[in-house]
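Take a look and give me a structure for this.
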Amino acid sequence: MPSDTVCPMTDSATSTSPAAQISTAEVAPTALTGLTARGVSERIATHQTNELPPRSGRTTWQIVRDNVFTRINALLGVLFVFVMLTGSWINGAFGLLIIANSIIGIIQELRAKHTLDSLAVIGEAHPTVRRDGIEQQIDQEAVVLGDIVVVAPGDQIVVDGVVREASYLEMDESLLTGESDPVPKKPGDPIMSGSFVASGMGSYQATHVGKDSYATQLTAEAAKFSLVHSELQAGINWILKIITWILVPVGILTIVGQIRIGEDDWQSIILSVTGALVPMIPEGLVLITSTAFALGVIRLGQRNCLVNELPAIEGLARVDVVCADKTGTLTENAMTLSELRMLDSTRAQSDAYEILQQLGAADPTPNSSMQAIIDGIGVSDTPWPVTESQPFTSAKKWSGVSFAEHGNWVLGAPDVLVGADTPAGQESHAIAATGLRVLLLGSCSEPVTSSKAPGTVTPLALVILEQRIRPDAAATLEYFHSQGVEVKVISGDNADSVGAVTRSLGMDSGAPVDARSIDPVRFDDVVASSHVFGRVTPAQKRAMVSALQNKGHVVAMTGDGVNDVLALKDADLGVAMGSGTPATRSVAKIVLLDDKFATLPYVVAEGRRVLGNIERVANLFLTKTVYSSILAILVLLFSLPFPFQPIHVTITGWFTIGIPAFLLSLPPNNERARDGFVRRVMRFGFPAGAIVAAATFITYISVRVPNGSAAAATQASTAALIALIIASTWVLATVARPYEWWKVALVLLPLVGYYLIFTLDITQKYFMLDSSNAGFMHFGIAAGLIGAALIEIVWWVLGALTGERKPLWTPRAEREAQRAQRRIEGEAKKAARAERIRTAQSHRN
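Sure, this is the predicted structure:
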């Protein structure tokens, strides 16, 4: 056993695993000094450590396996092997898709894994442990069995344990139990990982670590690289399942059909079957989907944005309401003491300064307001004896200390402590309306931990704090407005102070609402119609998110404090600040590691890019699958040889679908995602695919010479291929809208390539084509153009019926949104430069 001894465990904290429990015989009065270096080494040697699963959820081998052994690769692989047996190497060119799909998918997912792992290290909690009597911050994985872990407000409990010290310690266990009321803890009480400190401070001893700790499950889910619970992925899987069911009977019937028409050459049968089946497989759809998501993770990672859950990227595209806190989001976290305004004329200002210094000395874990006061006036060198202490909570909105010989003193929201209609409340209201934060310092009649506290409060002074607005906040709000995303500012501060800040940023926010005055009956309607809220409690933040969701909104919630945890958890997209508490970072789906609110537009834009472009690309692949399936069935019904060789469908798939689809998945897309992905894709893909198939098949049966020569058969196939290419190219032309210069080039350049393939002797020989029959070629071109015209009509009719028709060219609003994004980036760069200059000056000083 390890040489260190610790306090006995309670029964409720005993693990069922021998490697993760502490014997009750290991008792010593010096346990609170923590383990010794020798004890830590012995526990590491016996694997009693807090070993965590991979941060990104999958190992390198799992990523390689999942990209190589796929359903699509299996289908293509079987067909490739059969084609190779025929000796027709050129017709096996589609086998390159297996290699391309696997390599591209592996590279992008490994890059995303590396991004997630590296950012997760920055964003994860670093608990403070006491070893050899010295407190030190360590990585989560460095916690060992029996460690004494010291906690303060906002700290997440990283391993299971039992409380050893408690100073007004209250735990928020809402993530475990769903109950939002803080739970008081005393020495000996069990404490579970996944909870966090709501107020007070203390320490606990680790009883369950590694796989035996509930925190391991939280960590495994925190940054999991997975596409589960995604409407987009569910839709794509549904499409693939249907295609798989179609492929098998079509393949069998194609074999039967080729034999029935007298084809007795097994090589020809294999090539016909392969030519029919390969284009039915949407080989690039899964690749482009996973690549787009992986690129989203990488792009956001480059902006110091950690994606804890990959489906969050899909959620980003659906957001239409952003609920933002004022402090830490619109304003910087750090505040400065601006003024101390006396309210009691019988007391000197020096008395107020002394009391504030004593309150600072009595607060071991100051929040941002108290820290600003400490930074401004310091703490007392001779602290008064403290009898009771009440930490600040967002629910109470005040903190206080009872001193042995100097009475009870509180510091908090004036309208809470003395009321808004008192002289002190009215004066603080006028100051807060200018955008400053105002706290009231006063004495109270009740001990601060009494159930009746604070009792009657006698005001002494107003403490005025100045908040610095983030330089990029205005441009960020402008971007959201341009994108139709509603911003609601939800703060625990005075409502007028919050309103003043939003007005200074140019936000048309209307009258600010004091959350305490909202009629519960009209709560949902008030939340939906108003934009700025003050004096909001944590429970109300959660209720506001729920109210907006009940109205059909997709809600993103930003936050950095313990009061934001429940709202972040319930929001469709929880966004935490990197400097926030470990608890907020653990429940958020996205963490802005550099605390820049200006990153949020890029976050939303990235989600829209991924989802909007994948839907665009899915239209292309579904169209290809539909026309290939219909063409195969028509050939069977009419007992005809299949018109195309595998190389024909390969070049068409690459240059009309595959490569353009990949390029279309990359550019910005500002369209907000909506439900009904599969319905919309099928609504266009089925009629477009049917038109392409009809144009191709009509050309084939019209120019085909029954029992003709091999040359005539090749000419008929070439004419049918021209009709197929022209019609399917117009599908690309409609899906690519709205146009920009590069999209026009994307449509036209493949046509130039096709012209060369169909006119040069060497390419015709290589690709088994013959365009020498001008009449056949003209018929194919005409049929293709008619098909293109019909596809255009379908596009216009669907747009008119659904009201979703895209403009031909990129509209001005979208161009302005792109300019707004560039302005935000410029402001962010200027802010970063200014911060570097301030840092350099402070170092010189």
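
and Leu340, which of the three is it?
Put simply, Leu340 is strand when judged by DSSP: H, G, I helix; E, B strand; the rest coil.

Count the neighbours of it for me.
As a burial measure, Leu340 scores 18 neighbours (other C-beta atoms under 10 Å). (Each C-beta comes from the backbone N, C-alpha and C, glycine too.)

same deal with Ala495?
Each residue near Ala495 was counted by other C-beta under 10 Å, and the total is 24.

Please tell me I have it right and it contacts Arg535.
Yes. Assessed by C-beta atoms under 8 Å, Ala495 is found in contact with Arg535 at 6.1 Å.

what do the two both touch?
514-515 (C-beta atoms under 8 Å, 6 or more residues apart in numbering).

Look up which helix or strand the most centrally placed residue in the chain falls in, please.
Among the residues of the chain, Ala312 comes closest to the average C-alpha position under C-alpha atoms, centre = their mean, at 3.2 Å. Take DSSP states H and E as the rule and Ala312 turns out to sit in helix 311-318.

same deal with Ser199?
Per DSSP H and E: Ser199 is located in strand 196-208.

That strand packs against which elements?
Helices and strands touching strand 196-208, by 3 or more C-beta pairs under 8 Å, 6 or more residues apart in numbering; DSSP states H and E, are strand 148-151, strand 160-172, helix 582-587.

Run through the residues that contact the residue nearest to the residue nearest to the centre of the chain when sequence neighbours are not counted.
The shortest distance from Ala312 to any non-neighbouring residue, by C-beta to C-beta, 6 or more residues apart in numbering, is to Lys589 (3.8 Å). For Lys589, the contacting residues are 307-309, 312, 315, 573-575, by C-beta under 8 Å, 6+ apart.

With secondary structure and pLDDT added, can I get these in CSV?
Shown next, in CSV, are the contacts of Lys589 (DSSP: H, G, I helix; E, B strand; the rest coil; pLDDT from 0 to 100):
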residue, secondary structure, pLDDT
Val307, strand, 79
Asn308, coil, 72
Glu309, coil, 66
Ala312, helix, 70
Gly315, helix, 75
Leu573, strand, 86
Gly574, strand, 87
Val575, strand, 88
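
with these in mind, which one is nearest to Ala474?
Using C-beta to C-beta, Val575 comes nearest to Ala474 of the contacts of Lys589, at 19.1 Å.

Count the residues that sit near the closest one.
Neighbourhood size, Val575 [other C-beta under 10 Å]: 30.

That one bridge partners, please.
Beta-bridge pairing for Val575 (DSSP bridges): Thr558, Ile590.

Contacts only, for it.
Contacts for Val575 (C-beta under 8 Å, 6+ apart) come out as 556-559, 568, 588-592, 600, 603.

which one of these is nearest His114?
Of all the contacts of Val575, Val591 has the smallest distance to His114: 17.0 Å, by C-beta to C-beta.

State the pLDDT value of Leu227.
Note on Leu227: pLDDT of 38.

ditto for the one 3 residues further on
Predicted confidence (pLDDT) for Ser230: 64.

hmm, back to that, now, of the helices and strands packed on strand 196-208, which is deepest in the fold?
Mean neighbour count (mean count of other C-beta atoms under 10 Å) peaks for helix 582-587 among those, with a mean of 26.

Output the contacting helices and strands for that one.
Using 3+ C-beta pairs under 8 Å, 6+ apart, the elements in contact with helix 582-587 are strand 196-208, helix 565-570, strand 573-577.
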